[in-house]
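In: the following block contains a protein sequence and its predicted model.
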Amino acid sequence: MPGFAVSRSMVKKRILFIFVMTLLFSLYLIGRLAWIQIVRADELYDQAWKQWNHNIIVQTGRGAIYDQHGRLLAGSTDVQTVVAIPQQIEDPGVVAGALAPILNMNEQEIAELVTLDRSAVYIKRKVDPEITEAVREMNLPGIVFFNEEKRYYPGSNLASQLLGFVGMDQGWSGLEFYYEQYLSGSEGRLLYPADALGRQLPHNYFGNFLPKQSCNLYLAIDESIQHIVEKELERVVAEAAPRQALAIAVDPYSGAVLAAAARPDYDPLHYDEFDPERWNLAPFTSSFEPGSTFKLVTLAAVLEEGLFDPEELHYCPGYAIVGGHRINCWTVERGGCGTITFQQSLGTSCNTAYIVLGQRLGAQKLAEYIEAFGYGKTTGIDYPGEGSGLVFRETMLGPLELATTAFGQGISVTPVQQAMAVSAMINGGYLYQPYLVNEIRGKEGETIFKRKPELVRQVISAETSEKLIELMETVILDGTGKTAALEGYRAAGKTGTAEKLDEEHLYSSDSFIYSFVGFAPVDDPRVVLYVAVDGITLGPRYGSATSAPLFKRIMEDTLNYLQVTPTALTMTKEELN
Amino acid sequence: MTARPNCHEADSVLLLTTVLLLAVGLVMVFSASFVVAAESMGDPYYFLKRQALWTAIGLVGLFIFSKINYLVLKRFSLFILFLNFILLGLVFTPLGTALGTEAQRWLVLGPVVLQPSEFSKLAFIIFTSAYMSSRSLNVRHTWTATILPLAIAFVAFLLIQIQPDMGTALVVLAGAFLVVFCAGVPVFKAACLSLISIPPVAWLTLQEEYRVQRLFTFFDPWADPTGSGYQIIQSLYALGPGHIFGSGLGQGRQKLFYLPEPHNDFIFAVIGEELGFIGAVTIILLYLLMIWRGYQIAAKAPNLFSSLLATGITFIFGLQTLINIGVVTASVPVTGINLPLISAGGSSVFFTLISIGILLNISRYTREESSLMGRAS
């Protein structure tokens, strides 16, 4: 066999052996391919899909809150959050030492955060831009920044209790809380195909999953009226140092709340530095004894029931005896109101006259009207934690309760209930549900929700309403409400003075709530305004010196702002006669 | 054609398959590399141009070597061995370069960047075949005859593995071993030799921690998906979505910086993704056809030297192919072996084409009566 030192057949056998091995291994590889590309194809595709398509968290931004004219009340601005990637941090001590003074944090705390076994940790969230800039300049490895947003309120404290505030991630009080699901969009995820360097590819293989957009709120609140109200409340605080002062202005024909505020308030950006009591908007959440303003309810009832004769005479000795109990009129110290007509009894705010009217109505009727005007339960306003007040049901109205309830003692109501009830008394008898949000719009401006005024019921007739208006005007023209008279406008209303129960549920002698509820102009009511000042500690302590002038100032500025044409002169007592 | 007796036409099937795989290679190199090339070189055609140039040069080499009688190689075998060591040594001189990688594998000779280890594969086949076919040798009786060529190959193995390039080093060693084996070393001796060589090779392999990791990763790539398991997982993410028919030429997603070396070591993953299971299996069958022809030539070779030479050439060609596809399909641990004729790489395609040229030359002298499956004469 030329050229072969060994047997050719042996060489061939070995070559054949190698080839067979090659063939077997190739078959194995084809099997592997089939396993990967056919059997496990879908599973691998799903996994690969995740890597090919990147998620961007799209922050739609928290919705803004505007007043009825589109003026911004609450908005959001971009801020940055300092984030640590523990894996990339070489020396936690150095990083902590560098960050602690700038971020105003404990060094130990930062050192612990940056050594946590996580892919990323927040060091400090929502930091001011100057501070993040300072951190950025230090160029610390493993420290990165995250865009987030932070709430801001252009009016600072303006309407703070109404708007509420936002914690780190969601609304915690007020409208920010009530409308959380509209204001916060769902977390946005934008899926896009990317290469391994995370760069978006020009092709749109899979489309995007769009996030739910947040919405903007448009309130019934008028920023200017709100401003007027708050300015005047501030003035009362400065002059009388009350425990609390509050006001609510509504549109009597719709239930739209035009302004609502209370003092003391708080700063929504530093909410945690204030007593949580201050976060609540007292006109909605607080209930207290209405006092004489409640006489309007009794009056409306007797008018509607035809049990009221304005010319009928009433003698008030300064007290009444009911069921063996002596009930004083506020005029008891000067010997009572004397002989007056029932028409005059509203102006003088005579308690004994209203005891008589209440007794004429009877427990059943009075309870019916109280309920019909919306007292004793929440109005359903779009604000969290609304109060319901407490009134006697018919069965609990004994002679004594009937007598005191008739002039507003021994029960509790909320300012918003008062404002809505008075609105019904003067608008022809229609009780509306109060509301704060007029409209909810999407980011593109499309309307998502539009408020329609909701009529609860007609409580009294239009005639009764007209008579009530007349009688209420006398309070200001020639009664306890003279100091509420407006410059250039006819106004009507009712004063109220309530005693407050102290901690032991006794009437305290030195703490009164002075309130005033009224409206203007009389011939074309634009605004119903309820004001109350509680626990005055400075200056004169009576309603005509506090709540009535507060009403007057707010109402005058509001009507001027609304460009309501003034009637030439203020009517005087002489003209009336 | 020539005056020599017994001379006939070269193996046309081998040549055609080679050209076919080269064409597939050029297309796939372009498809796999244009994004990476545009990104890193500023020219999407960068790797295609280089590959085309080297393919052209390699085809010239193939033609020349198909014309040079293989016996010339036997005469020059010692010189080739010597040249191989010179080149391998030069890699560690200032002429050597790592080309921006972590491995010192290349030589810069003027405008040409050469990878001497690619030459080593062929050089050792030639040298070992020449040595084992020496008339004076009696491999059946002397240990020296068996151990000497393997010892020399082991030196080359050491030189290549410290670059480091364990994959190529093992291919060189395995090629030399196979030639020795096919030269008729008794099975007992061959088994002893492989047993002896396993401990040092294993020990060297485990010296580098990343190799140990690759070994473990091979069993469970998802244990460390962003680290040592990354390559394997990315490869599977190419093959899986490729499914049966593939995503279409150029449509692959995994070459977009997910796959490491998409135009080189992992080009088969791109093939699997873009051409699907059908395409991938077709490529494997083309390789098998080439390997079949190679061993057929070896079996029909006119003498022991040419037979061993053809066997060795075919073996390292097939070995690299199978290891590369094995890596891509997560069937063997990750090693830096490219896919012959298809992967981008100048030295690789050049020396592969020259070795095929040698095969073609041998095929001109084959004797039909001693085909591989035929009755032994």
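Out: Nice, thanks for sending it over.

In: write out the residues of the stretch 151-300 of chain B neighbouring chain A.
Out: Within the stretch 151-300 of chain B, the positions adjacent to chain A are B:178, B:181-184, B:236-244, B:253-254, B:256-258, B:272, B:276-277, B:280-281, B:284, B:287-288, B:291-292, B:295, B:298-299 by CB under 8 Å from any CB of the partner chain. (Glycine included, C-beta is placed from N, CA and C.)

In: mind checking which of these are buried?
Out: B:178, B:181-184, B:236-243, B:253-254, B:256-258, B:272, B:276-277, B:280-281, B:284, B:287-288, B:291-292, B:295, B:298-299 (16 or more other CB atoms under 10 Å in any protein chain shown).

In: domains in chain A, by residue range?
Out: A:61-154, A:223-269+A:278-576 (automatic domain parsing).

In: ok, of those, where does mean pLDDT dip lowest?
Out: Among these, domain A:61-154 has the lowest mean pLDDT, at a mean of 83.

In: about what we covered before: okay, the domains of chain A, which one's buried deepest?
Out: Stretch with highest mean neighbour count among the domains of chain A: domain A:223-269+A:278-576 (a mean of 20; mean count of other CB atoms under 10 Å in any protein chain shown).

In: quick one: the strands in the stretch 51-200 of chain B, in order.
Out: Applying DSSP state E, counting those that start in this stretch to the stretch 51-200 of chain B gives strands spanning B:96-97, B:106-109, B:112-114.

In: tabulate those (JSON lines), appending mean pLDDT and mean neighbour count.
Out: What follows is those, written out as JSON lines (pLDDT from 0 to 100; neighbours: other CB atoms under 10 Å in any protein chain shown):
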{"stretch": "strand B:96-97", "mean pLDDT": "83", "mean neighbour count": "16"}
{"stretch": "strand B:106-109", "mean pLDDT": "85", "mean neighbour count": "16"}
{"stretch": "strand B:112-114", "mean pLDDT": "84", "mean neighbour count": "16"}
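
In: redo those strands as JSON lines? Include distance to chain A.
Out: As requested, the strands of the stretch 51-200 of chain B are exported to JSON lines (distance: least, CB to the nearest CB, whole Å):
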{"stretch": "strand B:96-97", "distance to chain A": "26"}
{"stretch": "strand B:106-109", "distance to chain A": "26"}
{"stretch": "strand B:112-114", "distance to chain A": "27"}
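
In: wait, which of those is closest to residue B:51?
Out: Residue B:51 sits nearest to strand B:112-114 of all those, at 13.4 Å, using CB to CB.

In: next up, the contacts around the most centrally placed residue in chain A.
Out: Nearest to the geometric centre of chain A sits residue A:174, at 3.1 Å (CA atoms, centre = their mean). Counting by CB atoms under 8 Å, 6 or more residues apart in numbering or on different chains, residue A:174 makes contact with A:160, A:161, A:162, A:163, A:164, A:165, A:279, A:281, A:383, A:384.

In: so which of these are in helices?
Out: Among those, DSSP state H puts A:160, A:161, A:162, A:163 in helices.

In: quick one: which of these is nearest chain B?
Out: Proximity of the ones in helices among the contacts of residue A:174 to chain B (CB to the nearest CB) peaks at residue A:163, which lies at 46.0 Å.

In: residues near that closest one, how many?
Out: Look at residue A:163: counted by other CB atoms under 10 Å in any protein chain shown, it has 27 neighbours.

In: and the gap between it and residue A:153?
Out: Here the criterion is CB to CB, to the nearest Å. By it, residue A:163 lies 7 Å from residue A:153.

In: pull up the overlap in contacts between those two.
Out: Common contact partners of residue A:163 and residue A:153 (CB under 8 Å, 6+ apart): A:73, A:74, A:268.

In: turn the residues you listed into a markdown table, including distance to chain B.
Out: Shown next, in a markdown table, are the shared contacts of residue A:163 and residue A:153 (distance: CB to the nearest CB, whole Å):
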| residue | distance to chain B |
| --- | --- |
| A:73 | 47 |
| A:74 | 43 |
| A:268 | 44 |
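
In: can you tell me which of those residues end up in strands?
Out: Among these, the members falling in strands (DSSP state E) are A:73, A:74.

In: so can I have CSV of the shared contacts of residue A:163 and residue A:153 showing distance to residue A:378?
Out: As requested, the shared contacts of residue A:163 and residue A:153 are arranged in CSV below (distance: CB to CB, whole Å):
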residue, distance to residue A:378
A:73, 24
A:74, 24
A:268, 24
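
In: thinking again about what came up before, out of the domains of chain A, which is closest to residue A:46?
Out: The nearest among the domains of chain A, by CB to CB, is domain A:61-154 at 22.4 Å.

In: now do the same end-to-end measure for the closest one.
Out: 17 Å (CA to CA, to the nearest Å).

In: can you classify the closest residue to chain B within the stretch 401-550 of chain A as helix, strand or coil?
Out: Here the stretch 401-550 of chain A gets closest to chain B at one residue, residue A:443, 32.9 Å apart by CB to the nearest CB. Put simply, residue A:443 is coil when judged by DSSP: H, G, I helix; E, B strand; the rest coil.

In: ok, now residue A:379?
Out: Applying three-state DSSP: residue A:379 is coil.

In: surely it and residue A:420 touch.
Out: Yes - between residue A:379 and residue A:420 there is a contact under CB atoms under 8 Å: 5.9 Å.

In: contacting residues around residue 244?
Out: Let's take chain A. Contacts for residue A:244 (CB under 8 Å, 6+ apart) come out as A:262, A:263, A:264, A:282, A:286, A:532, A:533, A:534, A:535.

In: wrong one, I was asking about chain B
Out: Counting by CB under 8 Å, 6+ apart, residue B:244 makes contact with A:37, A:38, A:41, B:276, B:277, B:278.

In: wait, the second one sits on residue B:240?
Out: Which is residue A:38. No - with contact defined as CB under 8 Å, residue A:38 does not reach residue B:240; the gap is 9.4 Å.

In: check the offset of the longest helix seen in chain A from the chain's centre.
Out: If you go by DSSP H, chain A has its longest helix at helix A:8-34. Helix A:8-34 has its C-alpha centroid displaced from the chain centroid by 81 Å (CA atoms, centre = their mean, to the nearest Å).

In: what comes into contact with the helix or strand of chain B with the lowest mean pLDDT?
Out: None of the helices or strands of chain B scores lower by mean pLDDT, DSSP states H and E than helix B:209-219, at a mean of 72. Applying CB under 8 Å, 6+ apart, the contact partners of helix B:209-219 are B:166, B:205-206, B:223-224, B:227-229, B:232, B:330, B:332-335.

In: nearest spatial neighbour of residue 18, chain-adjacent residues omitted?
Out: Picked chain A for this. Leaving aside its chain neighbours, residue A:18 sits nearest to residue B:315 (6.1 Å; criterion: CB to CB, 6 or more residues apart in numbering or on different chains).

In: chain B, not that one
Out: residue B:356 (5.4 Å).

In: and for residue A:143?
Out: Excluding the flanking residues, the one nearest residue A:143 by CB to CB, 6+ apart is residue A:84, at 5.7 Å.

In: no more questions from me, cheers.
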